[in-house]
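In: any chance you can model this:
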Amino acid sequence: MQITRTAVSLNVPDVAASAGFATTHLGFTEQMAADGFVSLTHPDTGTNLIFLATGLSTFKPADKAGPAGQGLLLVFELADLDAEFERIRAAGAQVVTAPETEPWGERFCQFTDPNGLIWQLVQWVDQGPDQG
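Out: Numbering: from 1, shown residues only. Coordinates of the predicted model:
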């Protein structure tokens, strides 16, 4: 199998709110949109991020058409977590977790969008031989 692109599709009550968060704070751009649907892309990745309005009649399978979010993290790895955290926080995004570093070298922070989705930013840092 040769995978050429990846897309993540999420059902949300307010498509414009989550799309606005991604374009305003993370640099995504709208690739296409229709009533109850928006597909975003990012210039640095081969990933599309799709938001569908919860309850669309075209969603298949219909019995799985509930809202996304519970137990879901949208995670993006980047080079300068602290600078991006400050930029996004200063722009008014709701902080869930301020930057912290796990013992294995994962430095992360989290924000939430108006639909309650958790957006996690990650930077891998060298913990050195004395730090685990």
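In: quick one: buried residues of the longest helix belonging to the chain?
Out: Ordering each helix of the chain by length in residues (DSSP state H) puts helix 15-26 first. Across helix 15-26, burial judged by 16 or more other C-beta atoms under 10 Å covers Val15, Ser18, Ala19, Phe21, Ala22, Thr23, His25, Leu26. Yep, even glycine has a C-beta here, placed from its N, CA and C like the rest.
In: now swap in stretch 76-90 and tell me
Out: Going by 16+ other C-beta under 10 Å, stretch 76-90 has these buried residues: Phe76, Leu81, Glu84, Phe85, Ile88, Arg89.
In: in the sheet, who's paired with the nearest residue to the fourth one once chain neighbours are set aside?
Out: What that stands for is Phe85. Leaving aside its chain neighbours, Phe85 sits nearest to Cys109 (4.7 Å; criterion: C-beta to C-beta, 6 or more residues apart in numbering). Taking DSSP bridges, one finds Leu121 as the beta-bridge partners of Cys109.
In: which non-adjacent residue is nearest Pro99?
Out: That would be Cys109: by C-beta to C-beta, 6+ apart, it lies 4.5 Å from Pro99.
In: follow-up on the earlier one: other SSEs contacting the longest helix of the chain?
Out: strand 29-34, strand 37-41, strand 47-53, strand 118-124 (3 or more C-beta pairs under 8 Å, 6 or more residues apart in numbering; DSSP states H and E).
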